[in-house]
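Engineer: this one's structure only:
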Ligand SMILES: Nc1nc2c(c(=O)[nH]1)N[C@@H](CN(C=O)c1ccc(C(=O)N[C@@H](CCC(=O)O)C(=O)O)cc1)CN2
Ligand SMILES: NCC(=O)N[C@@H]1O[C@H](COP(=O)([O-])[O-])[C@@H](O)[C@H]1O
């Protein structure tokens, strides 16, 4: 890897254990010359914001509610609010100095529209996402529970985790790295979630490193 400093912006919505994995990796030699320059949450109470503050990482709480209040509570109004929210989120990120090389969605529970994706792509910034399922399976929220339910029915013997490029279609972007998690007979949902989260913490660092290495070439 070259000696240039690489900058990440991490998007979160909750506990931030995957953010913490990235913070720890940047502090070690696992992600050399890489720093998390900004963390953005769409939820004020996200513990990940505290994790970022403890690591002296600047944070932003980007709240959808004010945008929704400016528009009627109709499908059209909600769509308009989300477009404005997403456009401003892109503006926040492209206004950062320096701009990030990569945006990492680490438990970011908001579907990003082209009003975000297009200006970010135009700025040459990659967007990647952690999803607790394998390519083409269980897209969207609640993937772990849906996989667990499918396993109980005998429909699948394994699930997994992937880091993928973010495109408009949710969880359909090209996989950067995947890891299979074999299901265990009679295992509870909590136990599966714990095993999957452990895999996530390693894969989000590996997927970020692979993405940065592609940029460096
Ligand atoms: N355009 C894209 N946006 C996002 C992607 C993506 O691949 N393309 N990945 C997601 C992360 N994600 C799964 O990995 C995911 C997160 C949230 C949802 C969802 O249904 N969100 C609802 C709100 C849910 C809530 O607030 O609890 C919504 O946005 O209306 C689906 C998939 C990140 N974004
Ligand atoms: N569709 C995306 C998705 O469901 N992501 C899920 O959000 C969690 C965030 O945990 P964290 O806040 O502790 O990193 C992750 O564990 C992941 O399974």
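Structural biologist: Thanks, I have the structure now. Just so it is clear, the model here is predicted, and its values are computed rather than measured. Residues are numbered from 1 along each chain as shown. Ligands and ions are numbered 1, 2, ... in the order given.

Engineer: near ligand 1 at all, the longest helix seen in the chain?
Structural biologist: For the chain, the helix that runs over the most residues, judged by DSSP state H, is helix 189-216. No - contact of helix 189-216 with ligand 1 (CB under 6 Å from any ligand atom) is absent, the minimum separation being 10.9 Å. Glycine gets a C-beta too; all of them are placed from N, C-alpha and C.

Engineer: Check which helix or strand the residue nearest to residue 159 when sequence neighbours are not counted maps to.
Structural biologist: Of all residues not flanking residue 159 in the chain, residue 147 sits nearest, at 3.7 Å (CB to CB, 6 or more residues apart in numbering). Per DSSP states H and E: residue 147 is located in helix 143-152.

Engineer: ok and that helix relative to helix 189-216, angle-wise?
Structural biologist: For helix 143-152 against helix 189-216, the angle by axes from the mean of the first three to the mean of the last three CA atoms, to 10 degrees is 120 degrees.

Engineer: Leaving out chain neighbours, which residue sits closest to residue 91?
Structural biologist: residue 119 (7.4 Å).

Engineer: typo on my end, residue 23
Structural biologist: residue 55 is the one closest to residue 23 (CB to CB, 6+ apart), at 4.9 Å.

Engineer: what about that neighbour, neighbour count?
Structural biologist: Using other CB atoms under 10 Å, the number of residues around residue 55 comes to 17.

Engineer: dump the residue contacts of it.
Structural biologist: 23, 27, 36 (CB atoms under 8 Å, 6 or more residues apart in numbering).
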